[in-house]
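Student: Requesting a structural model of the entry that follows:
(chains A and B)
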Protein chains: 2
Amino acid sequence: MSQKETRLDIVRAQYALYKERPLDLTIARGIPSKKQLKLSEGLVNDVKIDDWVSEDDIDIRNYGGLYGIKEARALFGSLLNTTVEETFVGGNSSLQLMFAVLSHHLFTKDKAWNKSKDQPVKFLCPSPGYDRHWFMLEHLGIEMIPVELTGNGPDMEVVEKLVSQDPSIKGMFVVPKYNNPTGESVSDDVVDRLAAMHTAADDFLILWDNAYVVHHLRDEKVEVKDIFKASKAAGNPDRVIQFVSTSKMTLPGAGVAAMGASVDNLKEMADHFGKQLISFDKINQKRHVAFLKDRETIEAHMEKHAEILAPKFDWIEAILSAYFHGDRESFVSWTSPQGGYFVHLTTDEGCASKVVEKMTDIGISLTPANAAYPYGINPLDNSIRLAPSFATLDHLEIAMEALCVCIEMVTLEKYESL
Amino acid sequence: MSQKETRLDIVRAQYALYKERPLDLTIARGIPSKKQLKLSEGLVNDVKIDDWVSEDDIDIRNYGGLYGIKEARALFGSLLNTTVEETFVGGNSSLQLMFAVLSHHLFTKDKAWNKSKDQPVKFLCPSPGYDRHWFMLEHLGIEMIPVELTGNGPDMEVVEKLVSQDPSIKGMFVVPKYNNPTGESVSDDVVDRLAAMHTAADDFLILWDNAYVVHHLRDEKVEVKDIFKASKAAGNPDRVIQFVSTSKMTLPGAGVAAMGASVDNLKEMADHFGKQLISFDKINQKRHVAFLKDRETIEAHMEKHAEILAPKFDWIEAILSAYFHGDRESFVSWTSPQGGYFVHLTTDEGCASKVVEKMTDIGISLTPANAAYPYGINPLDNSIRLAPSFATLDHLEIAMEALCVCIEMVTLEKYESL
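Tutor: Next up is the predicted model:
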């Protein structure tokens, strides 16, 4: 027996033990833990509303105020670096705002993208990215073109070349800070180039999903350059629509989402929303203003989340580092994010799907391998997303030990078959 | 001078007085008054949530539970006569649910209505109806075909003929109870015929907007036959989607809306919604269950609304009856609704727009004349909607007196010019 075969025997034996005693754990989705949810119970039970009139004189109990109440627009503006007029506050989901923007531009606006059915509508998809963005684009019939991420955002050489040549490329998604799942943030240079680049489509849109704008894990806080300001300076004020939500600040089930964009873009979207509702939930907006108060209070609140989350990321780092050293160092690489909700693993080529399958078989559910790529297609089959927020530390530790075993086993089996 | 000329002089003189002292009143939209809103302040400030887990084991603070929590589905099912499985609970707007249904059937589902661009998509529009339905259809590019209302719902002779012949007619809106603005409810016969009629389109949809399901004004409560049951019995289980909301039960700014439909229809819509959000606001659903409890509690709560609303309808009836008698009886007819939010006036042909204009000029805003017709087009120009809910009784009285003067003046001027 060679040393490698011996090692494979060992991990197979350990895996067999897992199989005999299957678990029921999930590190599949980026959802807050019960400890985190507790931080915001006061939002529901302690906030009393004694003044029903908003700062802009809207009765928050009644119809009206489609743009959101002024104090909520100001609060979200403080996260987006936008003025009240450049800020639209919606319901409990930023995805829903994105969907509405896409759906309106595709189907209902004057010069709708899909007016001529022959011409496909395409989007650039920095990958690995957020699977729900890709599901949305696919559902809407938008063709997805993956673009590699570099560690500082999308590969701008490729982006600039594609958008300058093809007028059917109508836009792109960017998660600028602590990207899901790679954790990377876009550099100033990427911001400037996205803001200023020539696009063959004169109605090119960047959906700037700032989902993790204040979701730091460490004392060192990443700040991303203001793309809206940059795009205005470059003469493209309508190019960028920014999104943010409190889903991972307060309660995912009852949060508030907002958009930041040019006054023209917001008017266009308000007209569109005005065809489907009379206002979003203004009382929940008021409740959030009372609870989150201002940017400073939000930052302090987010530090409490970080205290709960950071140890999980520390443990992942520690377990992976301890396991994959020496001979095994090349089996997998991983990200060490400064914020956000995910760790991204890059396995040996052709191993990611098998690893996730092995984990599923012992009762540990992960995000499907390669889900972070458009259509779930990643020819290298090497992408796994870890979402440690929901699990307890104990469970996370168990899941990570099993994951190490699975990665080693699948990688060694691959080597053996070569 | 003839008697009629004398009378015109008199009303012109009175109108001139209004012009000298313009008012600032609105009876334009069906929005609850502050007294009504007060009935539901407890929803916001008194409901404490101490159990965060729904009856179907969903943490209402977190992501998940796209169909709504079980107890909310049961509550809304009691209004829609649907089971939990046939009930989907959404956000704060039933219009938003309708928009999503239309938008999905038009653009994103497998056999989408607008897949072939040459073929227009058409809807039947029982008129006078709800202007926001027509705005929605127009925005979505759906061609509207008006169908007369009879006092018991749409003219079924016309409906049956049109839908049996034209496969591009894909659906219709119906406000079955206390229709906006005519106040009429559909008869059992209309329900049965809508449920069973042959449609050339095999994917014909009825959007059954039960906005006033428990919004009675009088002791005598109209009950409408169960169309969902009838459509199942007729072999058309997927034809009808019912909508309801608490906008005019609790708070329009922070209510909950729901759909009732076949399990297949709901699954289709849940898949669609799943591409744009992870769940609606489940805490607000829970809050509503705690506050409204059950159908009986809802009915009792609605009686408090009726106590506030009914006198307004009494006054309208009294003022119009007193003014338009004898010589003037033929100038205008009006509805005396048993529920809902509106009184509909039928003026002499060609008079409605001028009456609304005259009212606007003295500072009383009404819904635009003929807005209850698709595209706002009513060749008879004889339709005015009164929405008395928001105004105080004093203001309503002032507005009604002025309206009588305007109607008489415009009608007499018309006679004079003949």
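Student: The longest helix along chain A: which residues count as buried?
Tutor: In chain A, assigned by DSSP state H, the helix with the most residues is helix A:295-323. Along helix A:295-323, these residues count as buried under the neighbour rule (16 or more other CB atoms under 10 Å in any protein chain shown): A:298, A:301-302, A:305-306, A:308-310, A:312-313, A:316-317, A:319-320, A:323. C-beta: built from backbone N, CA, C; applies to glycine.
Student: What of stretch A:405-418?
Tutor: Buried residues in stretch A:405-418, defined by neighbour count with 16+ other CB under 10 Å: A:405-412, A:414.
Student: Give me the nearest residue to the residue most central in space within chain A, chain neighbours excluded.
Tutor: With distances taken as CA atoms, centre = their mean, A:Asn180 lies nearest the centre of chain A, 4.3 Å away. In space, and not counting its chain neighbours, A:Asn180 is closest to A:Tyr130: 4.5 Å by CB to CB, 6 or more residues apart in numbering or on different chains.
Student: What residues does A:Thr150 make contact with?
Tutor: For A:Thr150, the contacting residues are A:Glu184, by CB atoms under 8 Å, 6 or more residues apart in numbering or on different chains.
Student: pLDDT weak spots in the stretch 101-250 of chain A?
Tutor: A:116-118 (pLDDT under 70).
Student: What is the burial count for the residue in it that chain B sits nearest to?
Tutor: Nearest residue of the stretch 101-250 of chain A to chain B (CB to the nearest CB) works out as A:His139 at 4.2 Å. Neighbour count for A:His139, taken as other CB atoms under 10 Å in any protein chain shown: 20.
Student: And A:Gly91, its phi and psi?
Tutor: Torsion angles at A:Gly91 (phi, psi; degrees, to the nearest 10) stand at phi -90, psi -140.
Student: Give the full set of residues in contact with A:Ile308.
Tutor: A:Ile308 neighbours (CB under 8 Å, 6+ apart): A:33, A:35-36.
Student: A strand includes A:Gly171, no?
Tutor: Yes. A:Gly171: assigned to a strand according to DSSP: H, G, I helix; E, B strand; the rest coil.
Student: Now do it against A:Asp131, distance only.
Tutor: In this view, A:Gly171 and A:Asp131 are 18 Å apart by CB to CB, to the nearest Å.
Student: isn't the residue nearest to the centre of chain A right next to A:Gly129, touching?
Tutor: Yes. Look at A:Asn180 against A:Gly129 with CB atoms under 8 Å: they come within range, at 6.9 Å.
Student: Common neighbours of those two, please.
Tutor: Counting by CB under 8 Å, 6+ apart, the residues touching both A:Asn180 and A:Gly129 are A:Ala372.
Student: which element is the residue nearest to the centre of chain A on?
Tutor: Using DSSP states H and E, A:Asn180 sits in no helix or strand.
Student: one step back: skip the chain neighbours and tell me the closest residue to the residue of the stretch 101-250 of chain A closest to chain B.
Tutor: Nearest non-adjacent residue to A:His139, counting by CB to CB, 6+ apart: B:Lys275, 4.2 Å away.
Student: Equivalent analysis for A:Met156, please.
Tutor: Closest residue to A:Met156 in three dimensions, ignoring its sequence neighbours and counting by CB to CB, 6+ apart: A:Arg193, at 4.8 Å.
Student: and that neighbour, helix, strand or coil?
Tutor: Taking three-state DSSP as the rule, one finds A:Arg193 in the helix state.
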